[in-house]
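Enquirer: After the sequence you'll find the predicted model.
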Amino acid sequence: MIFSELEQEKCREIDLHTHSTASDGTCTPTELVERAASVGIRVLALTDHDTLAGIPEAKDAGCRLGVTVVPGIELSANWLGTDIHVLGYHMKRDGSLIQKLLDWVQQERIRRNEGIAAKMAADGVDVSMSQLRQRYPGAVIGRPHFARLLMEQGRAASVKDAFEKWLKPGQPYYLPRTKITLEQAAKAISESCGVPVLAHPLQYGFAPEKLEQLVAEFAGIAMGGMEIYYTGYTLTQRQQLFDLAQKYRLFVTGGSDFHGENKPHIRLGEVEVPRSVEDAVREHSKEIHP
Ligand code: AMP
Ligand code: FE
Ligand code: FE
Ligand code: ZN
């Protein structure tokens, strides 16, 4: 594949990176698919953090509205102290390694959420975990949910501001959580017949050498892809990422990372992704798990 050819295939009909209320998006899976249909998206991957819970609802809506829903997930992994995100597409098998891993991740999140809530309560914020669970039933609760609460109570101007002031590392309500390794993430996805994809490579703040080290390591663990079409990535950045993907034999994908109101600058139907990406993901799914 040649980069310029890929660029010519760009369209706004494919988005392989979105979040729903099953994790930290603000649209339900149905609303997400409805919105996708209304902006002309044909193929949509639901990639909620650490859960596959939104997939059945999204699939139903997709059937009704003529949108192909790719079952996906986004896992956070620790690599040399940085939080790296791995997307998984065409996830199939339940009850295997992935389920065990997700259960462990949930437990670790519960532990951390209780800690964050305690810090906030001690500071006079009106917060309780049972309240949050009621408000976000079945959702993987994380810092974005605390961020909304802080915003609603007038302690932050926006979700982003809440992260800046309170929730990011170094700020008063931050607590780390123990993460799985990059290898565990990629292997769990492969085990579930999924295709692992390194998400948004430029979001980690790495210098070029370190980014290449990450890509090389990821490619060594898994046969998969790398997200190079992403909200805000420029032509030059895409070209550089494409070259890196080629060098390490990763196929390329793309998506917006839509989260609804939690990331208002990201809009559905605005990311441009080459048409052939859809086939590339499907082909790799077959190749890995014939
Ligand atoms: P957690 O997994 O609970 O640590 O929360 C991490 C999630 O918070 C990420 O996946 C993002 O979706 C979101 N996030 C991180 N930083 C920000 C930010 N500055 N503004 C909005 N959302 C953010
Ligand atoms: Fe998120
Ligand atoms: Fe991510
Ligand atoms: Zn995401």
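Expert: Nice, thanks for sending it over. Given the structure is predicted, the values throughout are model-derived calculations rather than measurements. Ligands and ions are numbered 1, 2, ... in the order given.

Enquirer: hey, let's count contacts and neighbours off CA atoms from now on
Expert: Fine.

Enquirer: for the stretch 151-290 of the chain, which spans come out with low pLDDT?
Expert: 288-290 (pLDDT under 70).

Enquirer: How about it: which residue is closest to ligand 1?
Expert: Going by C-alpha to the nearest ligand atom, ligand 1 is nearest to residue 160 of the stretch 151-290 of the chain, at 3.7 Å.

Enquirer: Now the element after the helix or strand hosting that residue, going C-ward?
Expert: Counting by DSSP states H and E, the element that carries residue 160 is helix 159-162. As assigned by DSSP H and E, the chain's next helix or strand after helix 159-162 is strand 180-181.

Enquirer: What is that following strand packed up against?
Expert: Other helices and strands packing on strand 180-181, by 3 or more C-alpha pairs under 8 Å, 6 or more residues apart in numbering; DSSP states H and E, are strand 68-79.

Enquirer: and the strand it packs on, does that touch ligand 1?
Expert: No - in terms of C-alpha under 6 Å from any ligand atom, no part of strand 68-79 sits within range of ligand 1; the closest distance is 7.4 Å.

Enquirer: Contacts made by that strand with the rest, please.
Expert: 16, 42-52, 55, 58-59, 62, 83-91, 179-182, 185 (C-alpha atoms under 8 Å, 6 or more residues apart in numbering).

Enquirer: Check stretch 254-261 too.
Expert: 14-20, 24-27, 227-231, 266-268, 270-273, 277.

Enquirer: What of stretch 135-150?
Expert: 21-24, 49-51, 106, 109, 113, 125, 127, 132-133, 156, 158-160, 162-163, 167, 262.

Enquirer: Sitting in helices, which of those do you find?
Expert: Applying DSSP state H to the contacts of stretch 135-150, the entries found in helices are 106, 109, 113, 132, 133, 159, 160, 162.

Enquirer: Spell out which parts of the chain neighbour ligand 1.
Expert: Counting by C-alpha under 6 Å from any ligand atom, the positions of the chain adjacent to ligand 1 are 142, 143, 144, 159, 160, 163, 263.

Enquirer: If you drop the residues flanking it in sequence, what lies closest to residue 194?
Expert: residue 91 (4.3 Å; C-alpha to C-alpha, 6 or more residues apart in numbering).

Enquirer: would that neighbour count as being in a helix?
Expert: No - assessed with DSSP: H, G, I helix; E, B strand; the rest coil, residue 91 is coil; it does not lie in a helix.

Enquirer: Spit out the contact partners of it.
Expert: Applying C-alpha under 8 Å, 6+ apart, the residues near residue 91 are 71, 72, 73, 189, 192, 193, 194, 195.

Enquirer: let's see 7 Å
Expert: In this structure, residue 91 makes contact with 71, 72, 192, 193, 194, judged by C-alpha atoms under 7 Å, 6 or more residues apart in numbering.

Enquirer: Can I take it that residue 144 is in a helix?
Expert: Yes - counting by three-state DSSP, residue 144 is found in a helix.

Enquirer: What distance do you get for it to residue 259?
Expert: 10 Å (C-alpha to C-alpha, to the nearest Å).

Enquirer: ditto for residue 128
Expert: Distance from residue 128 to residue 259, by C-alpha to C-alpha: 24 Å.

Enquirer: Which one's more surrounded, those two?
Expert: residue 259 (24 against 14; other C-alpha atoms under 10 Å).

Enquirer: if we can go back for a sec, now the ones in helices among the contacts of stretch 135-150 as CSV including distance to residue 78?
Expert: Listed next are the ones in helices among the contacts of stretch 135-150 as CSV, based on distance: C-alpha to C-alpha, whole Å:
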residue, distance to residue 78
106, 16
109, 15
113, 19
132, 27
133, 26
159, 24
160, 22
162, 23
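
Enquirer: Buried ones among the residues you listed?
Expert: 106, 109, 113, 132, 159, 160, 162 (16 or more other C-alpha atoms under 10 Å).
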